[in-house]
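*Asks:* just to be clear, the model below is a prediction. Sequence and coordinates:
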Amino acid sequence: MSTARAPAETARLIVRELLAVRAGETVALVTDPSTPAAMQEALVADLADLGAEWAVRPSRELRDKLSELLGSNNVRLLYAPGREIM
């Protein structure tokens, strides 16, 4: 019998119990590149469900790699003026 949790269940445990995120808080979401996309999506979904805000701060290297992979016309960053994340 497997004891592995589904991504949504694991995300809920991380967000609500381990980190104790509260509604209205802003969370900088940072994951390892090897983190499965399903887990990243589950974290974002649980943060949104909780009413927390989330943000990422992509490195120059990541932006350059995305432009290289997708083409510079297909990469767009949206900034939230006046908001400081850490």
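*Replies:* Here it is on my side, so go on.

*Asks:* quick check: which ranges of the chain have low pLDDT?
*Replies:* Residues of the chain that meet the criterion pLDDT under 70 lie in 1-3, 57, 78-86.

*Asks:* most centrally placed residue in the protein?
*Replies:* In the chain, the C-alpha closest to the average C-alpha coordinate belongs to residue 29, at a distance of 4.1 Å (C-alpha atoms, centre = their mean).

*Asks:* name the nearest residue to that one, sequence neighbours excluded.
*Replies:* Spatial nearest neighbour of residue 29, excluding adjacent residues (C-beta to C-beta, 6 or more residues apart in numbering): residue 54 at 4.9 Å. Using the backbone N, CA and C atoms, a C-beta is placed for each residue, glycine as well.

*Asks:* residue 25 now?
*Replies:* Residue 25 sits nearest to residue 52 (C-beta to C-beta, 6+ apart), 5.0 Å away.

*Asks:* same check on residue 66?
*Replies:* Leaving aside its sequence neighbours, residue 66 sits nearest to residue 75 (C-beta to C-beta, 6+ apart; 4.8 Å).

*Asks:* please apply the same query to residue 31.
*Replies:* Leaving out its chain neighbours, residue 31 is closest to residue 40 (C-beta to C-beta, 6+ apart), at 5.4 Å.

*Asks:* longest helix in the chain, by residue count?
*Replies:* When the chain is parsed with DSSP state H, its longest helix is helix 37-50.

*Asks:* who touches it?
*Replies:* Residues outside helix 37-50 that contact it (C-beta atoms under 8 Å, 6 or more residues apart in numbering): 7-8, 10-12, 14-16, 21-23, 27, 29, 31, 53-54.

*Asks:* now do stretch 64-73
*Replies:* The list of residues contacting stretch 64-73 from outside it, by C-beta under 8 Å, 6+ apart, reads 58, 75.

*Asks:* can you give me the end-to-end span of stretch 5-20?
*Replies:* 19 Å (C-alpha to C-alpha, to the nearest Å).

*Asks:* touching, the residue nearest to residue 25 and residue 29? I think so.
*Replies:* No: Residue 52 lies out of contact with residue 29 (C-beta atoms under 8 Å); the separation is 10.0 Å.
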